[in-house]
Every structure is written in C-alpha cells, then in structure tokens.
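Peer 1: got a predicted model here, sequence first, then my questions.
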2 protein chains.
Amino acid sequence: MPVLVMKFGGTSVATLDRIKRVAKRVGVEVAKGYDVIVIVSAMSGKTNELVGWVNETSPLYDAREYDAVVSSGENVTAGLMALTLQEMDIPARSWQGWQVPVLTTSAHASARIEDIPPENIMAKFGEGMRVAVVAGFQGISPEGRITTLGRGGSDTTAVAFAAAFDAVRCDIYTDVDGVYTTDPRVSPKARKLDKIAFEEMLELASLGAKVLQTRSVELAMRYKVKLRVLSSFEEQSDEAGTLVCDEEEIMESNVVAGVAFSRDEAKMTLISVADRPGIASIIFGKLSDAGVNVDMIVQNISEEGRTDMTFSLPTDQVKRAEIAMEELKAEGGLNFGELDVDMDVAKVSVVGIGMRSQSGVAAKMFKVLSDEGVNIKVITTSEIKISVLIDRKYMELAVQALHDAFELEKAA
Amino acid sequence: MPVLVMKFGGTSVATLDRIKRVAKRVGVEVAKGYDVIVIVSAMSGKTNELVGWVNETSPLYDAREYDAVVSSGENVTAGLMALTLQEMDIPARSWQGWQVPVLTTSAHASARIEDIPPENIMAKFGEGMRVAVVAGFQGISPEGRITTLGRGGSDTTAVAFAAAFDAVRCDIYTDVDGVYTTDPRVSPKARKLDKIAFEEMLELASLGAKVLQTRSVELAMRYKVKLRVLSSFEEQSDEAGTLVCDEEEIMESNVVAGVAFSRDEAKMTLISVADRPGIASIIFGKLSDAGVNVDMIVQNISEEGRTDMTFSLPTDQVKRAEIAMEELKAEGGLNFGELDVDMDVAKVSVVGIGMRSQSGVAAKMFKVLSDEGVNIKVITTSEIKISVLIDRKYMELAVQALHDAFELEKAA
C-alpha cells in the first residue's frame, strides 16, 4: 500500500483531547488505503521543561546527556498516540528513534540523519500494522547513544521518512493553515498559496516566515518529497494547506510569490576602513568566530584608499559584534574610524522563481518604495529574491505597498 | 576497582536539589575507590502522571505501549543525575535499559530480568568512567521493545545489577532509615535492626512492611547479594541502615526479629460445605480465577460430612470473592449454607529465623494475647513465622504487647 507521512507539532498534541483529534485525522487517511507513518513532537511545553532542568543542572552540559533527557518528551507522545489509534481499532505501534533505527551523526543536540533503513517498519506494515507512530527529533549515533536533531527537528524527521519510504506525500500539520503571500497580520490582503516552489519556500523560511524548518525544506528539495503544510485545527480536504513542490509542478505562478520581512534587524557600518585585499575576510572571520550571523553586506566605493563597510545582523547580536570589532582594533588587526550602529531597521524582500525569466522586478520594487517615500539603506539581490533594508517604521507600509503592486492578492 | 550499587527511589530524586544531594552521596563512595552503578527511579509523581495519561487514553491499554510511555520517567532522572555528577567532576554517563542492555522477558508491565551482560558498562569503567547511572524499572524484550518490571521494579533492577557485576554491596536509599522490629508509629519502642536475614525480610515485606519489593529480596537471597536499606535524607556512615544478608552473617539474633501486621484484612467463612475430596481445589481455584489473593486458610473439623471453610483476603477484594462464590453456587459447582464475612480483622505476625531452633514461641505468643484479652480467630504457622487473625480494634495493643514480651527493644 502507498505510504503517507503525517507530522504533528507540539501544539497539535498538547493534550489527550488534541491527540484524539489528531488520531481521527490519521484514521481518515488510513481509510483511504494509505499505510501511515506519523511523526510526533513532544506535548507543547514538555521539551522546554526538560531543557530547563538540564540548564539548571549543568549550564555547560554534556550534549549526550542533554539528548538522553530531552528526547523523552517525544517518546511519551508516540506511545499515547499509538494507544489512541488502537482504541479506534487501527493497528498501530510506537517506534523510538533507536528502534527504527534513525541513524544519525554523533553531533549531539544538532545531529544529522544519515540513513533510515525502512525494513523494520515495512515488515510490520506487511503484517497488517497500518500506522507507525515515530518519535520525532531523535535518532541513534554510531556509538549507540541517543541523539537529537535540534529545535524543529521533527519536520526534518518527517521529510527524511518520506524520502526513505518513498511516500506519496509528507503532510506537516501545524498551527497555521498554509503559506501566505505575506504575514496576514501585516497585510490583510495576504492570500494563502496553493503551491509554492521549494526554492521560494527556502527564501521565505530563512527570512522569518517560520512555518517550516529550513533543513526540512532543503531535504525535501533534494529528494523531491512533496511537502504539504496545513492546519491541524481545521477540517481538511485533500486540497487544504499549501503544497511545497518542485517548480515544474507549478503550472502558472506570479512573478513574485510573496513578500517577506524581518523586524529585528540592525545595521552596522565600519567607517573609513583601509581598502586592501583580505580586509573583508578579517572582519567577517572575526564576526563569525564571535557567533554573529551577518546577513547583508555592502562595501561602498573607495576614496583615497579607504572605504566604508556596512552589514546587517540581528539586533540581539549587536553587543557581541561591537565587542568583536573593538577587540580587532585593539589587537591591531584592523584600523577604522567610527563604528556606526543603526538599531531601527527592518528587512523587506520579494521572493519568486518567476524573477529568473522576467526582468524589471527590482526596478518596480524600488519605484514602489520611492513612491511611498521610503528610503532604501542597503540592497542585496539573488536569483529569486530582492531584499532591502529600510527604517523600521516604514516596514508595514512597504510590505502592503509591495503586496498591492505585485497583485499578490490575486492567484496566477 | 570494586563495584558498588546504589539505588535511589522517587522521593530521593524528586527535585534538582535532591538529585544534587544524592550525587554528593555518590561522590563519597567514588572517593572511597568504588566504581559505582547508580539505579534511579522517576522523579516522584512523574510515573503516576504517565500512568494516568495511559489509563485515560486507553483503559484496556496495550502493555507494550504502556511500557514505552511509562519508562520515560526514569530516563529523565538518569540523564539529570549523570549531568549533576559531571558538574562535580566525576566521570559519569547515563544508560537506558536497552543500552546496557537489561535483557528481560516479553511480559510487558511485569517483565522479569533474564540477564544483564556487564561488558558494555565494564568497558567504560575501564576507560575511566566512575559512575554508570542506570534508568531503573526497565529493560528490553527479545523483540527489541521496551519493557518495565512493574511497580517497585527499581529495587529489583538494583539487586540484579549487583549480582551481574559481583558488587560488594547493594545500597537501597529510601525515605526510611532501615528496617524496624515493628512500625514505630504503632510501637514507640520499635528498634532499628542492624542486620536481618533474607528470609525474615521476605516475611516482613510480604506482610506489609513495605521497605523493599519482595522480588528484590528473593533475588538478593538467591545470588547472595548483600543488601543495605538506608535513608537518603540523613548523613550516612558505613554502618547506617539495615543490612539484609545471609543468616550466617548474623552472629547473634533474637528469636523473634520483628512483629509485622496488616490492617486491611477480611475473613470469609463458607458455612456447611460438603466435606469431600477436591472441594478446596474448587473453591480456591475459582477465587484465583477471580483474581482474589487468599492468604490464610483454615478448615474446621468435619461434622456429618459437612465442614466450614475459612480464609482471609484483602478487604478490597471481598466483593469480588462474594460474586465468585455466588457464581459457583449458581453453577451447581458448590453447595454451601451461608457466606459469613468479617470486615473488621487484622493480621499480626511474629517473624524470626531463631524459631527454627527454639520451641515455645507460638505458645508464648498465644499466652501474651490471651493475657490482654485478645481473641484469636485464625492461626497459621510457617517455619519462621506465626500469624494470627484478630479483631482490628486490638491490633495496636497486640503489636505492643508482643514487642514487649519478646523484648525486641533490646539488641541481641
């Protein structure tokens, strides 16, 4: 029988009643004839409780023990879900990561899945089991110890199972009903997308539209896993939610798929830096060592052998970046004038695979912002995305104006 | 290095602070030069929470899923304990049942340990690990599924590890500071015993002195594991608590080691049963099928081919027993007159291996009770125990009088 993977997050399994509701949803798919693999997270709040205990016990904890403790939340949900399905007369059993086994690297607390041999679960499907409930977010290392995949790792677990079992689809049930052209809280005209390409989803996810973990989308793209995002709190049809898929499967699409934004951005400028080879490597190497996630980088035109170097970063990493730059100066590694910090900026991006074949998107974006009197501070572009840094107070205005201008409220 | 096993129950690890206190206690033994195996229970309340969820989800649950869910409590404690020890610079790691592995039968929720291959843990001791923290109460079945040993199974886990690792001793830390001659709440003269023989401990445990799980004492007796019961809430010396050991190791002992009692007893009498071969088998077979735990049995002298059959049972099983007997009558399997039930009885027992060599203990016991005006309803005896059923209102009086008469407040 064809295999379907369904993944339910922490809020979807937060109580016994919700587990029951989710189980009914699984029953609908079983009735359609699928053998179902259900990936579950811990009941919401449980993982935080366990992480809190570990941090209190040992601030610089051994990640192997962290994994042994934190993985227990998913095990509880998996067992309870299997019992709930059995109560509905659906043959089901739970599987912990090591039982499947989900083979991972030894990078505890952020392990990567290396292989999921399907034989054990397939054998049980062959014996009449209809649902395998798998504890998400966990696996087993070559040393035989429990690993976890890092926060949000259950999405990755789900996609990896869909790939390993050649599933017809991987349905990610969450607390939103799909992927939108932008955040409906910012633009009331935001429209739910029926389909979105993997590449677009990746750009939207990494820009703060936190519906799916980035790694899970990358994995789905690599193995061509059809990924569907939908709400666990609404009645569902086969067409519900948003399908994340290969661009070939999207017949018609708008040039721009969506407008993304990120509110907590800061801009830093090193004024009057010597413009010589290797200087960028020194600056961004130091920032990387300090754990600063630099996003956009702009180098201004050089005058008399000196230049200004501007970059954006999350606001909560500004302090760390300042210390790193002052250190660099004190060590004599870098000579610069002032360090200018702007804490009140936001990033707005338009994303769409249609840009590849259609020119003029950037020009249109800049004109829309100009017409609204929004000053652009930094620009970066990629093949399917154009991002600008603007004053934060204009963020909502910019998002709404762009959403209107590219007519995202209308389907293609 | 010699191996020491230490077991801590749920109240001893109920909070992070208590885990820290317990870890210090482990550190003392490590400093003495022992390689230590620590067996932990779930933080108190956790197992009940998990059991509650399972029961609510599925009243007639699949015991395999019950085990998968319920075993997670111990895993959390094991990881937290390992982290706490590491914080104290003691090389430690946690082990879940399947990792050791603790090989058990497939009798889920009440599995029996079949073998504990010591190689994995011994290899780590060889590499410098000083403490193996093992999640108690759990193991793995031949089918590769998680099993639990049933309530109190962590005591059994501890003793099994002590046997498998040829440990110098198995210390069971609990919320009492040892085994007493009787319950101090009933007799203020109750004295803590320094040593007690396995056989005596077995009789005391099964009689309701619930310090150690009966199975763990049986196992310790079979493998000659020195078992020590002591409090995790007091400063400890090597002589603290009570040592449960082979009788040869007890140089001098009182004839009677202790007075045990059980409050929630009932007495049932089938009046005027036909006295013919096989009748006892019919009655007690039926009661066994109904899940009634019959304890004492007395058959009175036969008159005119009919007899009265009396037995004792826990008060909360009386209803079940009555239904079983009425069924038996209705089916025509048994003819009897009345069914007499006495809900207000208690059992009092004196226990001691010294009885084997010294006569007159029973006579002395009956005289003491007679002097106090206590009427004896049923008597049973074994090699090292004499039990009587009396009116419950006399229970405390009987315990105190027997404790005095056998001078249990004095050490041998």
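Peer 2: Received it, and whenever you're ready, just let me know what you need. Residues are numbered from 1 along each chain as shown, chains lettered A, B, ... in the order given.
Peer 1: hmm, who's touching stretch A:58-68?
Peer 2: Under the criterion CB atoms under 8 Å, 6 or more residues apart in numbering or on different chains, residues A:51, A:54-55, A:108-109, A:138, A:145-148, B:75, B:78-80, B:82-84, B:86-87, B:93-94, B:96 lie in contact with stretch A:58-68. For glycine as for every other residue, the C-beta is placed from the backbone atoms N, C-alpha and C.
Peer 1: what's the PyMOL line that selects buried ones from the residues you listed?
Peer 2: Here is the PyMOL command that selects only those of the contacts of stretch A:58-68 that count as buried (16 or more other CB atoms under 10 Å in any protein chain shown):
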select buried, (chain A and resi 51+54+108+109+138+145+146+147+148) or (chain B and resi 75+78+79+80+82+83+84+86+87+93+94+96)
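Peer 1: now, which of the contacts of stretch A:58-68 lie within helices?
Peer 2: Judged by DSSP state H, helices contain the following of those: A:51, A:54, A:55, B:75, B:78, B:79, B:80, B:82, B:83, B:84, B:86, B:87.
Peer 1: which of those sits closest to residue A:326?
Peer 2: Residue A:326 lies nearest to residue A:55 out of the ones in helices among the contacts of stretch A:58-68, by CB to CB, at 29.5 Å.
Peer 1: show me where the stretch 101-250 of chain A has helices.
Peer 2: With DSSP state H, counting those that start in this stretch, the ranges of helices along the stretch 101-250 of chain A come out as A:119-126, A:153-164, A:198-206, A:214-223.
Peer 1: now, the most widely separated pair of the ones in helices among the contacts of stretch A:58-68?
Peer 2: B:75 and B:87 (19.1 Å).
Peer 1: span of stretch A:310-324 from start to end?
Peer 2: End-to-end distance for stretch A:310-324: 15 Å, by CA to CA, to the nearest Å.
Peer 1: I misspoke; the intended subject was stretch A:107-115.
Peer 2: Calculated as CA to CA, the first-to-last residue distance of stretch A:107-115 is 15 Å.
Peer 1: how about the residues of chain A by chain B?
Peer 2: A:16, A:19, A:50, A:53-54, A:56-58, A:61-62, A:64-66, A:68-69, A:72-73, A:75-76, A:78-80, A:82-84, A:86-87, A:93-94, A:96, A:98-99, A:144-146 (CB under 8 Å from any CB of the partner chain).
Peer 1: most tightly packed of the helices of the stretch 101-250 of chain A?
Peer 2: With neighbours defined as mean count of other CB atoms under 10 Å in any protein chain shown, the helices of the stretch 101-250 of chain A peak in mean count at helix A:153-164, which reaches a mean of 27.
Peer 1: dump it to CSV, restricted to CA.
Peer 2: Provided in CSV are the C-alpha atoms of helix A:153-164 (Å, rounded to 0.1, in the frame of the first residue of the first chain):
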residue,chain,number,x,y,z
GLY,A,153,14.0,18.7,14.1
SER,A,154,10.6,16.8,13.8
ASP,A,155,10.0,18.5,10.5
THR,A,156,13.3,17.1,9.2
THR,A,157,12.4,13.7,10.7
ALA,A,158,9.2,13.7,8.7
VAL,A,159,10.8,14.6,5.4
ALA,A,160,13.6,12.1,5.9
PHE,A,161,11.0,9.3,6.5
ALA,A,162,9.0,10.4,3.4
ALA,A,163,12.2,10.1,1.4
ALA,A,164,13.3,6.7,2.9
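Peer 1: quick one: contacts of that helix?
Peer 2: Defining contact as CB under 8 Å, 6+ apart, one finds that helix A:153-164 is touched by A:5-7, A:9, A:37, A:39-41, A:74, A:102, A:113, A:115-118, A:134, A:136-138, A:149, A:167, A:169-170, A:172, A:212-213, A:215-216, A:219-220, A:223, A:225, A:227.
Peer 1: buried members of these into PyMOL, please.
Peer 2: This is how PyMOL selects the buried members of these, with burial counted by 16+ other CB under 10 Å:
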select buried, chain A and resi 5+6+7+9+37+39+40+41+74+102+113+116+118+134+136+137+138+149+167+169+170+172+212+213+215+216+219+220+225+227
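Peer 1: enumerate every residue touching the nearest residue to residue A:241 once chain neighbours are set aside.
Peer 2: Excluding its sequence neighbours, the residue lying closest to residue A:241 (CB to CB, 6 or more residues apart in numbering or on different chains) is residue A:230, at 2.7 Å. Residues in contact with residue A:230 (CB under 8 Å, 6+ apart) are A:171, A:172, A:173, A:174, A:177, A:178, A:236, A:240, A:241, A:242.
Peer 1: generate CSV for these, with pLDDT as supplementary columns.
Peer 2: Putting these into CSV (pLDDT from 0 to 100) gives the following:
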residue, pLDDT
A:171, 96
A:172, 94
A:173, 93
A:174, 87
A:177, 85
A:178, 87
A:236, 67
A:240, 85
A:241, 90
A:242, 92
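Peer 1: mind picking the one among the residues you listed that's closest to chain B?
Peer 2: Within the contacts of residue A:230, proximity to chain B (CB to the nearest CB) peaks at residue A:173, which comes in at 19.3 Å.
Peer 1: roughly how far does the closest one sit from residue A:10?
Peer 2: Between residue A:173 and residue A:10 the computed distance is 11 Å (CB to CB, to the nearest Å).
Peer 1: go on, residue A:65?
Peer 2: According to CB to CB, residue A:65 and residue A:10 sit 22 Å apart.
Peer 1: again, but for residue A:303
Peer 2: Distance from residue A:303 to residue A:10, counting by CB to CB: 54 Å.
Peer 1: so which of those two has more stuff around it?
Peer 2: In this view residue A:303 and residue A:10 are compared by other CB atoms under 10 Å in any protein chain shown, and residue A:10 has more residues nearby, 22 against 10.
Peer 1: which residue packs closest to that one, ignoring adjacent ones?
Peer 2: For residue A:10, the spatially nearest residue (CB to CB, 6+ apart) is residue A:44, at 3.6 Å.
Peer 1: so which strand or helix has that neighbour?
Peer 2: Secondary structure from DSSP states H and E places residue A:44 outside every helix and strand.
Peer 1: contacting residues for it?
Peer 2: A:9, A:10, A:11, A:13, A:14.
Peer 1: go again using 10 Å as the cut-off
Peer 2: Residue A:44 is in contact with A:9, A:10, A:11, A:12, A:13, A:14, A:15, A:18, A:73, A:175, counting by CB atoms under 10 Å, 6 or more residues apart in numbering or on different chains.
Peer 1: closest one of those to chain B?
Peer 2: residue A:73 (8.0 Å).
Peer 1: what are the phi and psi angles of the residue lying closest to residue A:46 once chain neighbours are set aside?
Peer 2: Closest residue to residue A:46 apart from its sequence neighbours, by CB to CB, 6+ apart: residue A:73 at 4.0 Å. Note on residue A:73: backbone dihedrals following degrees, to the nearest 10 are phi -60, psi -40.
Peer 1: what's the burial count for residue A:73?
Peer 2: Neighbours of residue A:73 under the rule other CB under 10 Å: 28.
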